[in-house]
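Engineer: Build me a model from this:
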Amino acid sequence: MKRIILNRLKIMWKIQQGTSMVFVAGILIIICGISAVVVDVGTVYVKKGNLQKTLDASVLAGASELMAGDSKAVSTAISIADKNKLTLTASDIKTGSDYIAIKKTVNASLTFARMFGIDSIAVPAFAKAKVRGGFLGTEGIVPIAIPSYKLPDPTDPYPEFPMNFQPGNGNNEENSSVKGNFGFLAIGGTGGSVLRSNIINGVDLEVSDEMYEYTKTGLSWGNVKIGFEERIQEDGLNRPYCSNYETADSTCSRVVIVPIVDSFTDVSGKTMVKIIGFASVWISKITGHTVQAQYIETITFGEFGDPGDANNYHVLGVSLVE
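Structural biologist: Numbering: from 1, shown residues only. Okay, here's the model as predicted:
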């Protein structure tokens, strides 16, 4: 009798063992299936995010060139996409008098879905940017003023010029009697350390038709050099395309917005000067006691008015609208 009971128990144990193995195998299949879905969905999500970011950057850059013509806007958008390893063609891009739009679909390669015969999935994205009016206020102004006559001809392929004055003999601007000033403005405060911080971070400035600011006296060259070197180094680490005038864009730290003043002639000591506009420049190099720059056309982000009402000061704003 005992032997019969033991035999039956052994048979039941073997049956339970087999059932457990089948159950565990089923659970493993479910877990693998869920993991496969998570991996493939994650791949699609990352692909979609990268594509959208690239299209956003491309339309913003393209919109900033619309005033130069549709072909320039399109080529700029294609160039920015290429920097982000995305190939665009003119057929992907649509332009209007004040906007540029891009619609692009790419394929995301799948991993586990291939077991079901699905190798990839189409990932679409769309971005549109529109030109807005002249700016009424902005952040990030670098307080080094450029006299209007020093601005080069924008048609010059390499319009390089010195941003700040050369020191020497009390007259640090050619054919003038400027004394104690080297092109700096006291926007946001005075002092060398304040100037350095303003160069690195920029300052806020409300824009109007009648704008006057005090000059900041003294060369403060150590602080000025440190400020611009930090901007250049920041680009060198993260944005290698910023090291070239022809490929730099508004994402570069060495591309800055600076005030244009009517004149520094006869300025002596701390003096109020009139700001008549703004220029966007690329910092090319620091040599001697001079910051060399090249004039470019770019955009700034701030508060913008209607195109027909605001003076754009040769700097336009753009924004994503879709």
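Engineer: pLDDT below threshold where in this structure?
Structural biologist: 1-39, 67-68, 116, 132-139, 152-158, 165-178, 207-209, 297-318, 322 (pLDDT under 70).
Engineer: in it, which spans are strands?
Structural biologist: Per DSSP state E, the chain carries strands over the ranges 93-95, 99-109, 120-141, 146-147, 160-162, 181-185, 203-206, 211-217, 255-261, 272-287, 290-296, 302-304, 316-320.
Engineer: closest one to Ser58 among those strands?
Structural biologist: Closest approach to Ser58 among those is made by strand 99-109 (5.9 Å; C-beta to C-beta). Every residue, glycine included, has its C-beta placed from N, CA and C.
Engineer: can I get the strands of the chain in TSV with mean neighbour count and distance to Lys85?
Structural biologist: Formatted as TSV, the strands of the chain follow (neighbours: other C-beta atoms under 10 Å; distance: least, C-beta to C-beta, whole Å):
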stretch	mean neighbour count	distance to Lys85
strand 93-95	19	18
strand 99-109	18	11
strand 120-141	18	15
strand 146-147	21	37
strand 160-162	16	31
strand 181-185	25	40
strand 203-206	16	35
strand 211-217	18	43
strand 255-261	22	22
strand 272-287	19	24
strand 290-296	21	24
strand 302-304	18	31
strand 316-320	20	21
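Engineer: out of the ones you listed, which comes closest to Asn84?
Structural biologist: Comparing the strands of the chain by C-beta to C-beta, strand 99-109 comes nearest, at 11.7 Å.
Engineer: Which strands or helices does the closest one pack on?
Structural biologist: On a contact count with 3 or more C-beta pairs under 8 Å, 6 or more residues apart in numbering; DSSP states H and E, strand 99-109 meets helix 2-63, helix 70-83, strand 93-95, strand 120-141.
Engineer: got the angle for that strand vs helix 70-83?
Structural biologist: With axes from the mean of the first three to the mean of the last three C-alpha atoms, to 10 degrees defining the directions, strand 99-109 sits at 30 degrees from helix 70-83.
Engineer: Tell me the strands beside strand 99-109, with direction?
Structural biologist: strand 93-95 (antiparallel), strand 120-141 (antiparallel) (DSSP bridges).
Engineer: ok, so what distance separates Val261 from Met211?
Structural biologist: 9 Å (C-beta to C-beta, to the nearest Å).
Engineer: So for those two, which residues contact both of them?
Structural biologist: Contact criterion C-beta atoms under 8 Å, 6 or more residues apart in numbering; residues shared by Val261 and Met211: Lys274, Ile275, Ile276.
Engineer: number of nearby residues for Ser97?
Structural biologist: 7 (other C-beta atoms under 10 Å).
Engineer: and it, what does it touch?
Structural biologist: Leu66.
Engineer: could you redo the last one with a cut-off of 10 Å?
Structural biologist: Leu66, Asp70, Val131 (C-beta atoms under 10 Å, 6 or more residues apart in numbering).
Engineer: Could you find the closest non-adjacent residue to the last one?
Structural biologist: It refers to Val131. Asp98 (4.6 Å; C-beta to C-beta, 6 or more residues apart in numbering).
Engineer: And for Cys252?
Structural biologist: Cys242 is the one closest to Cys252 (C-beta to C-beta, 6+ apart), at 3.6 Å.
Engineer: ok, now Leu55?
Structural biologist: Distances taken as C-beta to C-beta, 6+ apart place Ala127 nearest to Leu55, at 3.7 Å, with adjacent residues excluded.
Engineer: Val256 too?
Structural biologist: Per C-beta to C-beta, 6+ apart, closest to Val256 is Val142, 4.4 Å.
Engineer: ok, how many other residues are close to Val267?
Structural biologist: Residues lying near Val267 (other C-beta under 10 Å) number 20.
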